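Asker: Below are the sequence and a predicted model for it; my questions follow.
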Amino acid sequence: MNNYLSLFERLVNAQVYGLSQVEKQAVLLPVLNALHQHHQLHSCEYRNIVNQQTAEVDNLPDLPFLAVRLFKQRNLKSVPDIDVFKVLQSSGTTSQTPATIYLDKATSARQSKVLVKILQQTLGRQRLPMLIIDSPDILKKPEFSARAAGIQGLAFFGRDHTYALDENMQLNWPVIEAFTKKYGQQPVLIFGFTFMVWLYFLTALKHSQKRVSLPQGMLIHSGGWKKLVDQQVDNATFKNTLNELTDVSRCYNFYGMAEQVGSIFVECEYGHLHAPVFADVIIRDPFTLHECGIGKQGIVQVLSAIPSSYPGHSLLTEDLGVILGIDNCQCGQKGKYFAIQGRLPKTEIRGCSDTHAAEVL
Amino acid sequence: MSLDLLAPQEGSLDKVGDKTQLLGCFDPQVLTFIEALSNSLLTSNTAKYHPELVALGFWLRASNIKNMQKMKPSGLLKPLGWVVHFTPANVDTMFIYSWICSLLMGNHNVIRVATKTSALKSCLLDILKQLFARPEFTLLGQHNLFVHYDKHAHYSATLSLQADARVIWGGDESVNAIRQLPCKPRNRDISFADRYSAALVAGESCTQSQNVEQLADLFWRDTKPYNQQACSSPKVIFWLGETRYLPDFLNALDNLASKQASSITHKNNQLINLQLVKSHQQNSQTLLNNRICALAISSLDSQLMEWHAGENVIYIRQIDNLESLQNESSEKLQTLSYWGIDKDRLLKQIGSESILGIDRIVPLGQALDFEPIWDSYDLFSQLSRTIRFS
């Protein structure tokens, strides 16, 4: 564990997007190898699963990976019960089994630390007035949902937190008006889950023939695109509509999941998702699970340097994506950049906002 | 919520309920119809793309039906009356077999076809529709309705109140849900609940690559249809004794599987299955992980079977002697198919032990061949009444 912690500190001190893939692997791989050993020692489920693959590896793609579905069916943790500080439940309705993620204080603190490091690259260091596209009720629910966790995580970057929706998920117009009146001429932060922003904010504005003006606003959003794709709304349409109805021109999507809170993949100004130094993506051929080359669609594997309380440092998701390039994005950030293109068919809908979509539509 | 009639073109529940026109058991009209159905399945341009339908066509051949007639109980038989069939979603043709058994006994039938549509199902229903449209089968069509309705609709309850027997295919939950619906006091329920099946392979009988390939062929014949998800598809192999040829067998099987098109979710579903089992069982070992995924397990339990989702995953349980079979079997074990072992030896073993489960023991390669005695129900006697006459 000490070894892991000192290796992790090296990552914290490295540039978030400044290392080339080769340089990055040199600092990230030792951390992940240390986690691989750590979880073998502390989670008997993980040890059993990797029993034919126990050794350290020389390359990121050689690390064993767990199917993300396992967190829905097994209780996977690498800390004694007494050290469990928070239990995170991914989105789940009656028809879906939620994933259960066990956090200790150290992992939880690392999640926040990494999230701050990553998002500061995009949002800057200043805490901006913040408009949250959700209902304040979400935080009152007894179970700690991924949606609530997402809002809490992001709330750190703002001040004067203002919820744009009421308890019925309707536009809370007096609150929105007061916010725009007060902060309309200065930089503000807007956060919400992709589908909620689209349905409960942008579509609702359109239907009520209203608009807001936040020309220096910056929207950061995350969550599944499935429902939007079904409505034939792509990223460009999303951004254009946002700009039309709110004057917001800076809009950043990020890719992340409850099973790896903290190490998120944020979009650059060219619309590409980037792997920060704390994380990486590998695309695998769905038919062989071997690594795919650049430009070929496959299943997304995500790596994260954060989780020590549960064996979630290397996960095969059920998302489909493609590596767009390595070290050569026009934005200047190094490492891998990629796009998410959908989900494996016939798997449960996932993502906080998608679940809500399933209830509504 | 409405009731959709899938076949024949027209019909009504009232006519099905008219029991003044019940046929006799193995009525010539029914035999002619079944022969025509067999011919349609074996000559149709679309059915040939579905091996399950071709197999059904073969099963319905006059000679096979004649053989089955020998399994009919002796004595004076009459149909029960009205039989309602609730069909499973995962196995598209299974319900036809139990319907045919009911039809042969002269019953009127309503068959509730499960929600999920497939090319195979539409092909089958089209063929039935065409047959029922022929003048000689119109009356038969009026008494055999293939219907669909939303599972939340009231029809399951309504039909249950009128049925003389319910044939319930499904998972345990669906079976229990249907059985909770009120029915006639003398209604008979035939419940095909969750079961799994296994193969018993005597390792000592693998002597050369040639017979290992035969073994693989037979096993593949039992696992390929229905994506290994039928209750009688083997998911487990009890490998008895010598394991020298086990890797050759798995490779041969993998070659057969690799000739098939694979789905985009196949490997991920295998991975989930494999990792769930491994997380649960310390000594499990992956023996092969390609198109086939073979996992050596140290014991079988219900959890392992629950995680099994078909997809060419095989649990290999090595056993040293035939006696161990007793400990490995459970109430949920339906079919044991065997290879390389003397029939009498197996019979002696199973006969002498108190054993849970195993309702069927057949040679490997015949696991999916439906028989009128299924899940230990004798369908001919369950779906008829015997008049005791002395």
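Answerer: Cool, the structure landed.

Asker: Strands of chain A, residue ranges please.
Answerer: Applying DSSP state E to chain A gives strands spanning A:66-67, A:86-89, A:100-103, A:128-132, A:158-163, A:188-193, A:217-222, A:250-255, A:265-267, A:273-274, A:279-284, A:298-304, A:314-326, A:336-343.

Asker: and for the first one, what are the contacting residues?
Answerer: The one in question is strand A:66-67. Here strand A:66-67 makes contact (C-beta atoms under 8 Å, 6 or more residues apart in numbering or on different chains) with A:46, A:49, A:76, A:311, A:312, A:314, A:315, A:316, B:268, B:271, B:272, B:275. C-betas here are computed from N, CA, C, even on glycine.

Asker: Tabulate the strands of chain A (TSV), appending mean neighbour count, distance to residue B:281 and mean pLDDT.
Answerer: Listed next are these as TSV, based on neighbours: other C-beta atoms under 10 Å in any protein chain shown; distance: least, C-beta to C-beta, whole Å; pLDDT from 0 to 100:
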stretch	mean neighbour count	distance to residue B:281	mean pLDDT
strand A:66-67	24	16	98
strand A:86-89	17	26	87
strand A:100-103	23	21	94
strand A:128-132	22	45	95
strand A:158-163	17	48	94
strand A:188-193	26	38	95
strand A:217-222	23	37	94
strand A:250-255	20	34	95
strand A:265-267	24	35	96
strand A:273-274	25	37	98
strand A:279-284	24	25	98
strand A:298-304	26	25	98
strand A:314-326	21	21	96
strand A:336-343	20	30	93
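
Asker: May I see these arranged in CSV, with distance to residue B:81 as well?
Answerer: Listed next are the strands of chain A as CSV, based on distance: least, C-beta to C-beta, whole Å:
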stretch, distance to residue B:81
strand A:66-67, 50
strand A:86-89, 51
strand A:100-103, 51
strand A:128-132, 64
strand A:158-163, 63
strand A:188-193, 56
strand A:217-222, 60
strand A:250-255, 60
strand A:265-267, 64
strand A:273-274, 64
strand A:279-284, 57
strand A:298-304, 53
strand A:314-326, 49
strand A:336-343, 49
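
Asker: Can you say which of those is nearest to residue A:17?
Answerer: strand A:273-274 (6.0 Å; C-beta to C-beta).

Asker: Give the next helix or strand downstream of the worst-scoring helix or strand of chain B on mean pLDDT.
Answerer: Counting by mean pLDDT, DSSP states H and E, the weakest-scoring helix or strand in chain B turns out to be helix B:13-17, with a mean of 85. Where DSSP states H and E defines the elements, the next helix or strand beyond helix B:13-17 is helix B:28-43.

Asker: buried residues in the next helix-or-strand element following that next one?
Answerer: Toward the C-terminus, helix B:28-43 is succeeded by helix B:51-59 as the next helix or strand (DSSP H and E). Applying a neighbour-count criterion of 16 or more other C-beta atoms under 10 Å in any protein chain shown, one finds B:52, B:53, B:55, B:56, B:57, B:59 buried in helix B:51-59.

Asker: For chain A, state which of the residues you listed is nearest.
Answerer: If you rank the buried residues of helix B:51-59 by distance to chain A using C-beta to the nearest C-beta, residue B:52 comes first, at 20.4 Å.

Asker: Next, the contact list for the closest one, please.
Answerer: If you count contacts by C-beta under 8 Å, 6+ apart, residue B:52 has them with B:92, B:93, B:120, B:225, B:226.

Asker: ok, the first one - contacts?
Answerer: Contact partners of residue B:92, counting by C-beta under 8 Å, 6+ apart, are B:52, B:118, B:120, B:121, B:124, B:226.

Asker: Out of the residues you listed, which end up buried?
Answerer: B:52, B:120, B:121, B:124, B:226.

Asker: Who are the contact partners of the closest residue to residue A:54 other than its chain neighbours?
Answerer: Leaving aside its sequence neighbours, residue A:54 sits nearest to residue A:40 (C-beta to C-beta, 6 or more residues apart in numbering or on different chains; 6.4 Å). By C-beta under 8 Å, 6+ apart, residue A:40 lies in contact with A:46, A:47, A:50, A:54.

Asker: so how far is residue B:267 from residue B:312?
Answerer: Distance, residue B:312 to residue B:267, using C-beta to C-beta, to the nearest Å: 10 Å.

Asker: sorry, that was for residue A:278
Answerer: Separation of residue A:278 from residue B:267 (C-beta to C-beta): 28 Å.

Asker: Of those two, give the one with the bigger neighbour count.
Answerer: residue A:278 (28 against 24; other C-beta atoms under 10 Å in any protein chain shown).

Asker: Return the set of residues that bridge with residue B:237.
Answerer: residue B:199, residue B:316 (DSSP bridges).

Asker: burial measure for it, as a count.
Answerer: Using other C-beta under 10 Å, residue B:237 is surrounded by 24 other residues.

Asker: repeat for residue B:353
Answerer: Per other C-beta under 10 Å, the neighbour tally for residue B:353 reads 13.

Asker: roughly how far apart are it and residue B:198?
Answerer: Applying C-beta to C-beta to residue B:353 and residue B:198 gives a distance of 16 Å.

Asker: now do residue A:324
Answerer: Taking C-beta to C-beta, one finds residue A:324 at 48 Å from residue B:198.

Asker: Near chain A, which residues of the stretch 251-390 of chain B are found?
Answerer: Within the stretch 251-390 of chain B, the positions near chain A by C-beta under 8 Å from any C-beta of the partner chain are B:262, B:264-268, B:271-272, B:275-276, B:278-282, B:284-286, B:307.
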